[in-house]
Each structure stands twice: as C-alpha cells, then as structure tokens.
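**Student:** sequence and predicted structure, then a few things I'm wondering about:
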Amino acid sequence: MNGQNLTPQTDAKKQVTASPFRCFTGAVISGGMGFAAYSLMIAIATNFASKPIHSINPLVVKISSAVRTLVVGVVALGSGIFGIVAIGLLALGVQLLVQQLTKQKSSEN
C-alpha cells in the first residue's frame, strides 16, 4: 500500500483505576455468570443421566461416556473459574474500600 496507517492511533493511553464500585459490579456479573454455568452443568448432567447410551459396542460406550464427562467437566471448569473470579473481585473491592476509609481517617487527623 502507500504506507499510511488506515486506523488512527492515540498517543495518550488512559489508564483506568480500580474502584470498589467497579469491583463489586464485576463480582456480581461474574457471580451471575458462574451461577448460570453451574445451572447449565446440572441440567446437562441430569439430561445425560436420564438418557443412557444404547449400544452393545464397547468402543461406542467408552467414547460416548468420555465425551459426556468432557462436556460436563468443561462446563464445571467454567463455573468454577467464574466463581473464583467473583470471590477475587469481591475481596479486591473490600480491600480498596478499606484503603479508602483508612486514607480518609488519616487525612482528617
């Protein structure tokens, strides 16, 4: 091409700081997504349990049980990750709130 940048670039990058409100909002969103993933996992596991594998071929039974385990495991992993993120954001929000309160008390004295 002609060497020009087609996308404009900004020189100054704005850094967003963490605040307790942002942390608590993120924790609620992540917790909700974790709960949704957990509910989905329970629904999938119940569905798999209610519909057994109908085959006499042992290879089919082994592969299908492995796929079922993998599907439930991946959804459980996602649920756990979202839960851990929610707990971490909640703890960060509490830490930032305590830091703000102690700064206010020390600046008043």
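**Tutor:** Everything's here; your move.

**Student:** which helix runs longest in the protein?
**Tutor:** For the chain, the helix with the greatest residue count under DSSP state H is helix 58-108.

**Student:** find me the pLDDT at the most centrally placed residue in the chain, would you?
**Tutor:** Centrality entry for the chain: nearest residue to the mean C-alpha point is Phe82, 2.9 Å, by C-alpha atoms, centre = their mean. As predicted, Phe82 sits at a pLDDT of 97.

**Student:** returning to that earlier point: against which helices or strands is the longest helix of the chain packed?
**Tutor:** helix 20-50 (3 or more C-beta pairs under 8 Å, 6 or more residues apart in numbering; DSSP states H and E). Just so you know, the C-beta spots here come from the backbone N, C-alpha and C atoms, and that holds for glycine as well.

**Student:** backbone phi and psi for Ser19, please?
**Tutor:** phi -130, psi 160 (degrees, to the nearest 10).

**Student:** so it makes contact with Leu96?
**Tutor:** Yes - counting by C-beta atoms under 8 Å, Leu96 is a contact partner of Ser19 at 6.7 Å.

**Student:** and the two? Which one has more around it.
**Tutor:** Neighbour totals were compared for Ser19 and Leu96, and Leu96 leads with 18 against 13 (other C-beta atoms under 10 Å).

**Student:** now the more buried one, nearest residue through space, not along the chain?
**Tutor:** Pro20 (4.8 Å; C-beta to C-beta, 6 or more residues apart in numbering).

**Student:** tilt between the longest helix of the chain and helix 20-50?
**Tutor:** Per axes from the mean of the first three to the mean of the last three C-alpha atoms, to 10 degrees, the angle that helix 58-108 makes with helix 20-50 is 160 degrees.

**Student:** now helix 58-108: how far from the chain's centre is it?
**Tutor:** When distances are taken as C-alpha atoms, centre = their mean, to the nearest Å, helix 58-108 is centred 6 Å away from the chain's centroid.

**Student:** re the thing from before, number of nearby residues for the closest residue to the residue nearest to the centre of the chain other than its chain neighbours?
**Tutor:** Leaving aside its chain neighbours, Phe82 sits nearest to Gly34 (3.2 Å; criterion: C-beta to C-beta, 6+ apart). Counted with other C-beta under 10 Å, the neighbours of Gly34 add up to 20.
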